[in-house]
Structure formats: structure tokens, C-alpha cells
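Engineer: just coords:
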DNA sequence: CTCTTTATTGACCAGCAGGTCAATACCACT
DNA sequence: AGTGGTATTGACCTGCTGGTCAATAAAGAG
């Protein structure tokens, strides 16, 4: 006996929300069609009706996670900083704190990330998000090699390094939270970036 | 009808080797008792005989992976470098290349890492390996804040940053291999580390 | 040679997974 | 009121999973 009807769009959204919560708690392994359905108080057939296959549900969830993590918004306070070096610093600072702020979501992204090694679609999706993220970074600091461009401050390499520094901390933290505090890590990062671009 | 007999130790090793190969190809999801048994040309009951539970097999495999990735051996050429800054550089260089050298193994570690979020035993094991790894790093560069120790070159924070830089590159690479080449990345890292510790 | 121990196997089981399908109730339109 | 499309459901199927168990063969002890 069918229950309450809903529009396609809102149901999909509701299911994705349930999937997100399930994945946060039980991990991607625990992301079973039936678990999601139970969480959303729906029959598991209905979930399969809206997302034809299970992987489509997973990919939908991945989009959600990517939008939450690998999307860089540069606030005006940062954009208006004149010195590119300080701009980069402020941005790294902001993103590091943002990533650390929601560790469970990042952990979920990391799970997808690892699976990207065996799943081409996942790899491609994350690749697109990551490229966009790095490019945004690159744009913000593109003028850093200002005048004397050498191989070392290639903006592409610099963006990659920045990403490493940003995701590196929460990734280490999720394995042992009580190692280095964020202040200590950020201090080292600051010190490293601070001297970047200055002539020796 | 039982087949060839083997000593406990060698069989365990053989099974672990098979598990490693299976996990490399199919990922941890694909790491099923039967798949491992088939790979080792054994009955799946025998695998369960040597590793009482499936998770014990997984943990044994994790030990193997950790020993291969998060163990730092400092060669004499590096240890005898006099300036701590150059020593750190050489070490980061070596480790970055080593990690990038066997990307599939690092990918497997990353899978375990992600699962560490939901599994306390895994988290603890990786935590121990990671701590050892960082400590070794810390020891090598402990004299960097040489004379004028400020909060920025706290060796703990510096070790964490180094680890971020090292694992950050192959982790990004495994998602899109054709972004920044290792030379470009290493150049940026060099540049960043090169200026570390120099007075402004 | 016998007896015990132990590594090995195939048969079997229960549980849960994803997926299919016919039946059904709700809604919009005429 | 009737009609058709569609969201929703429960029952069902098949395949694979981890795990158990009794039977069996090899090896060693006496």
C-alpha cells in the first residue's frame, strides 16, 4: 500500500540527505540501499526507483560531498589583500580551518578518493573538482612570481603544494587527533609560506 | 581430500601475499576470503583456519602495507649532510619519490586510512605507524631551530608539514596523473623549504 | 605400527546485498 | 466519473558473503 507522494526532485533530495547521513555514520561500506531507505523511512524499492542503480546513488552523494569540500569561495576580505603572498596565506588559513571544521565530511571524501583508484567515474568526478579547486587557488596567487618567474614559483606547483598543506593536516588529524595542534601546524605553514617569494 | 601441507608461518605469509595482490587489484572491498583463497590456490576454509576472522586477515595485511610505506630509513648519504635544512630537503625528496614510486601501495594505505575513521583498531595501527614516521622525521631535523627557536620551526609542526608535503603529491596524483609533474612539484617544495630557517 | 595432533578440504548454513516485478494508491486531466 | 500516468510498496529471486563442521590425510611421538 503506497504512502505519501512527493515530487521527483524533492524525493531525490531527501534520499540523498539520508544517504549522506548514513555514509557519515557507517562509511561507504555501510551505504546500503536498504539502510538509506530505512533512514528516509521509505521502502528500498523506492530508492531504487529514483536512482536506477546503487552506484548512481553513490555518485549523487559524491557530488554533494564535492560541492561541500572542494569548492573555493574567496571572500572579499581576502581578495582585496594587495600582496599576493599574504593573500595566499590568508586563503590557506581559511581553507585549512574550513576543512578541519567538518572532519567527517572530509573523511567521506577521502573514502571516495580511495575508491577512485578502482572506479574511473569516481576518479573523474573528483579529478574535475580538484582541478577546479586548484585552478581557483592558482588564479588567486598567479601574480606571485611577479617579475622574476623561475621554475620554483610556478603557480601550478605552488597550488599543488598549497592543496597538500591544506588537506594534509585534517587527514593526519583524523588518524590521531592529539598530535600537533592546529596552531602549531598553522604556525609552521605560515613560516614556510611567509618566506616564499622573498629574495634570499 | 587435503592437499600439500605447509608450516603455519609460511602459509600465513603465502596467504598474506595473496591478500596483498587481491587488495591491490580489487581494493579492500574486493578483499574477500574466497578471492584470497582462490589467488593462493587454497580452499577458503584454510584461510579462515589461519586467520580466525576476516578482520584479522585485513589487519595482517595492514601491517604489511604500513611496513612498506610508513617506515623511514635514513641512508648515510643523507644522515651525514651537515646542514639540517639540506638534510630535511634530501629526506623529503627521497620520501616523495619513494611514495610516488609505488602508487598502488599508497592507494591501499589510503583505503585503510579512510576506514580508520570507523574502525578503532585500524586507526590505532596507522596512528602508531604515522607517529613513528613523524618522530623519525622530527629527529632528523630537530636541530633546525638551532639557537633561535620560535614557535614557527617547532620540530613537531615541521614534521607534520613535511608529511603533508610528502603524501600530498601522490595522493593528488592518483586522482589525476597528468596535472603537475613531480619535477614541478618538487621544485616548489624545494623553494618553500629552501627559504625555511633563513633569516628574513 | 598405532595413536595423537594438526593442516586441509568440501559441504553446508544463515544473512544480507542489489535488483525485478506485479499490485496498488494517488494525482492531473478531460 | 473515468482514465491514464506515476510514485510507492511488499514479496520474491539470485548471488555472494563470512563462518561452522565433520571427514580426511599427513606428519610426528611412543
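Structural biologist: Received the coordinates, thanks. These numbers were taken from a predicted model, which means no experiment stands behind them.

Engineer: what's the distance between the helix ranked longest in chain A and the middle of its chain?
Structural biologist: Counting residues, the longest helix found in chain A (DSSP state H) is helix A:120-140. Between the centre of helix A:120-140 and the centre of its chain there are 10 Å (C-alpha atoms, centre = their mean, to the nearest Å).

Engineer: Stretch A:46-66 too?
Structural biologist: That offset, for stretch A:46-66, works out to 18 Å (C-alpha atoms, centre = their mean).

Engineer: That one close to chain B?
Structural biologist: No. For stretch A:46-66, no contact with chain B is found by C-beta under 8 Å from any C-beta of the partner chain; the gap never falls below 11.6 Å. In this view, the C-beta of every residue, glycine as well, is placed from N, C-alpha and C.

Engineer: So for that stretch, mean pLDDT?
Structural biologist: Mean pLDDT, computed over stretch A:46-66, is 98.

Engineer: Repeat that for stretch A:10-23.
Structural biologist: For stretch A:10-23, mean pLDDT rounds to 97.

Engineer: List the buried residues in it.
Structural biologist: Residues A:11, A:12, A:14, A:15, A:16, A:18, A:19, A:20, A:22, A:23 are the ones in stretch A:10-23 that count as buried (16 or more other C-beta atoms under 10 Å in any protein chain shown).

Engineer: ok, and of those, which contact DNA strand D?
Structural biologist: residue A:11 (C-beta under 7 Å from any atom of the strand).

Engineer: where does chain A dip in pLDDT?
Structural biologist: Scanning chain A with the threshold set as pLDDT under 70 gives A:1-3, A:143-153, A:195-200.

Engineer: which stretches of it form helices?
Structural biologist: Assigned by DSSP H, the helices in chain A fall at A:8-26, A:33-39, A:44-50, A:54-69, A:76-79, A:84-101, A:103-115, A:120-140, A:155-173, A:182-194.

Engineer: Mean neighbour count, those: which tops it?
Structural biologist: helix A:155-173 (a mean of 24; mean count of other C-beta atoms under 10 Å in any protein chain shown).

Engineer: Out of the helices of chain A, which is closest to residue B:180?
Structural biologist: Distance to residue B:180, taken as C-beta to C-beta, is lowest for helix A:155-173 among those, at 4.7 Å.

Engineer: rewinding a little: can I get the helices of chain A in TSV including distance to residue B:103?
Structural biologist: Below are the helices of chain A laid out as TSV (distance: least, C-beta to C-beta, whole Å):
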stretch	distance to residue B:103
helix A:8-26	26
helix A:33-39	32
helix A:44-50	35
helix A:54-69	21
helix A:76-79	34
helix A:84-101	23
helix A:103-115	12
helix A:120-140	13
helix A:155-173	15
helix A:182-194	26
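
Engineer: does stretch A:38-57 come close to DNA strand C?
Structural biologist: Yes. Using C-beta under 7 Å from any atom of the strand, stretch A:38-57 reaches DNA strand C at A:44, A:45, A:48, A:52, A:53, A:54, A:55.

Engineer: and DNA strand D, which of those residues reach it?
Structural biologist: Answer for those near DNA strand D (C-beta under 7 Å from any atom of the strand): residue A:45.

Engineer: among the residues of stretch A:38-57 next to DNA strand C, which two are most distant?
Structural biologist: With distances taken as C-beta to C-beta, the most widely separated pair in those is A:45 and A:55, at 17.2 Å.
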